[in-house]
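[1] dropping the sequence and predicted coords here.
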Amino acid sequence: MKVSETERRAKLDRLRGDGIDPYPRSFEARTSIREIRDRHDPAVLEEGEYEAIRYRLAGRITTRRNHGKTIFLDLADISGSIEIYARREDLGEEDYRRFKELNIGDFVGIEGILAVTRRQLLAINVKSCLLLAKALRDPPDFVHGLSDPETRYRRRELDMMVSEESRRVFLTRSKLLTTIRAEMSQRGFVELETPILQALFGGATARPFETHHNALDRRLYLRTATELYLKRAVIGGFENVFELGRIFRNEGISTEHNPEFTMLELMVSGADYQGAMEFSERLVSDVVRGVTGSTVVEYRGKTIDFAPPWRRLPLREALIDAVGLDIVECGREEMAARLGGDLDGESDWTVLVDKLQQRFVEPHLVQPTFLMELPIRHWPANRSTRQNPDLLGEVFDVIVGGMEVYSGGTEICDPAEQRDRFVDQKNLSDPDGDMEPHPYDEEFVRALEYGLPPVAGCGLGVDRLMTIITDSSSLRDVVLFPTMRQQ
């Protein structure tokens, strides 16, 4: 039943006129609805009320039914919902009148006794009730939820209010973050925190967000990666380190991209890209099992198994199989022709290979696959392969369900090589405009001159992994408040 904002505000005024605070400061020592359900099985209890079993609980009113001198409400908290009911003879005339004035959407705290209904369902007979927050607007329909996806993303509080599935997704996300930290700690990794505001963006060839520091009167950037700072920590004496935090890239928005996202970045001491792959497949499979109870998940109608070992597929071989092109031997004209267009001046070898990979390889990789030895110019801090040092790197992307969710590679330890690679980045072009050349970071190169032992770096896209393990259609479904276009 819809209740106008005018009527709701009138009830608020009446409460205040009666000396009642409609927004009290506290309501403590309460039991969750799930705890109540876990403690009592109505199937083995007789119908009736149990005076000796009393509970305090709090939640939002989601439905309302009047039956004579008894009012029935459904009360929901984060753990579930339960029916509550109040009778005039239990509450008294004045409290019963106020109970009748409660609306769907109001938060209440109650104290009552356990009951079992005729339908063998648990309920609470209300003995006292305290309004915790008066809702001044009608909530969405608790039965049908929100059908408009735009409203779901822009007004996430309303989506979670009426959708148990939405709440489940974000509880799963919380569990995923907790599980990642637990798995990393169990493996002996140390969690560090690196700057979000940086004088130079580094660690990824991506366009940064710019800001201005007033006191210092200088331009700063939101970080595009944590990689370079984590490597400096290894130089300083740490070994296995990681950071789980927000990354910012001033790029396009799509079902697979959000300008700010959560990433796990880590350094595996003593490993090259082969060792990093062995570490990564065990880590991710254990994380998925810890969150879902299994390494097997359903995603977009397909069964995906994260159990190791994962397939290892060199990109060169993948493109020979997919389109008959050997990217090491063929020219740019052949690659452009296979992409269905004429060669233009902006399309260098790296960009063409990247487009071939995205169009002809990635969409067909459903099971977790290491797509290895990729164009090195997109990886300014990683080593080249011995076989094709000018073209390919000791790096990998992990493709799952046709989407990149993880990446890594052997890190450059030689400061002279790193300096040359930073200089080479100045010539990197990107016709789509989503990436900028990696800046020359002399401070990082100077740190390398103190000695960086062998190490491999990896990055896990937490949001993308979430879409897979929750079988979601878009990143917006798993990011609590996604970036949206201005209305």
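    Looks like it arrived, so ask away.
[2] show me the contacts for the residue nearest to Phe248 when sequence neighbours are not counted.
    In space, and not counting its chain neighbours, Phe248 is closest to Leu222: 3.8 Å by C-beta to C-beta, 6 or more residues apart in numbering. No exception for glycine: its C-beta is placed from N, CA and C like everyone else's. For Leu222, the contacting residues are Ile196, Leu197, Gln198, Phe201, Pro208, Phe209, Thr211, Phe248, by C-beta atoms under 8 Å, 6 or more residues apart in numbering.
[3] which one of the residues you listed is nearest Arg377?
    Phe201 (17.5 Å; C-beta to C-beta).
[4] for the chain, what's the longest helix?
    Longest helix in the chain, counting residues (DSSP state H): helix 164-186.
[5] what helices or strands is that helix leaning on?
    Under the contact definition 3 or more C-beta pairs under 8 Å, 6 or more residues apart in numbering; DSSP states H and E, helix 164-186 sits against helix 156-162, strand 190-191, strand 241-248, strand 260-269, helix 273-292, helix 462-469.
[6] how about it: buried residues?
    Within helix 164-186, the residues that qualify as buried are Ser166, Arg167, Val169, Phe170, Arg173, Leu176, Thr179, Ile180, Glu183, Met184, counting by 16 or more other C-beta atoms under 10 Å.
[7] quick check: beta-bridge partners of the residue nearest to Phe248?
    Leu222 has these beta-bridge partners by DSSP bridges: Leu197.
[8] break the chain down into its structural domains.
    Using automatic domain parsing, the domain parsing of the chain gives 5-133, 162-310+367-477.
[9] how long is the longest one from one end to the other?
    The reference is to domain 162-310+367-477. Distance between the two ends of domain 162-310+367-477: 15 Å, counting by C-alpha to C-alpha, to the nearest Å.
[10] swap in the first one?
    Distance across domain 5-133, first residue to last, is 15 Å (C-alpha to C-alpha).
[11] what mean pLDDT does that domain have?
    Mean pLDDT, domain 5-133: 96.
[12] cool, and stretch 238-254?
    93.
[13] over to stretch 341-354?
    On average, the pLDDT along stretch 341-354 is 78.
[14] wait, which of the helices and strands packed on helix 164-186 is closest to Leu374?
    Of all the helices and strands packed on helix 164-186, it is helix 273-292 that lies closest to Leu374, at 10.4 Å by C-beta to C-beta.
[15] list the buried ones in the closest one?
    273, 275-277, 279-281, 283-289, 291-292.
[16] with stretch 298-317 instead?
    Buried, per 16+ other C-beta under 10 Å, within stretch 298-317: Tyr299, Ile304, Phe306, Pro308, Trp310, Leu313, Pro314, Leu315, Arg316.
[17] longest single strand anywhere in the protein?
    The strand spanning the most residues in the chain, taking DSSP state E as the definition, is strand 48-67.
[18] ok, then the element right after that one?
    Downstream of strand 48-67, the first helix or strand assigned by DSSP states H and E is strand 70-77.
[19] out of the contacts of Leu222, grab the one that's most surrounded.
    Neighbour counts for the contacts of Leu222 peak at Phe201, which has 25 neighbours (criterion: other C-beta atoms under 10 Å).
[20] list the contacts of stretch 156-172.
    Stretch 156-172 is contacted from outside by 60, 78, 139-142, 145-146, 151-153, 291, 466, 469-470, 472, 477-478, 480-481, using C-beta under 8 Å, 6+ apart.
[21] please repeat the previous calculation with a cut-off of 6 Å.
    Contacting residues not belonging to stretch 156-172 are listed as Pro139, Pro140, Phe142, Gly145, Leu146, Arg152, Thr470, Leu480, Phe481 [C-beta atoms under 6 Å, 6 or more residues apart in numbering].
[22] what's around the fifth one, how many residues?
    So the one you mean is Leu146. By other C-beta under 10 Å, the burial measure for Leu146, its neighbour count, is 18.
[23] the residue nearest the centre of the chain and Phe261, how far apart?
    The centroid of the chain falls nearest to Asp463 when counting by C-alpha atoms, centre = their mean (3.6 Å). Distance of Asp463 to Phe261, given as C-beta to C-beta, to the nearest Å: 5 Å.
[24] again, but for Thr151
    From Thr151 to Phe261 the distance is 23 Å (C-beta to C-beta).
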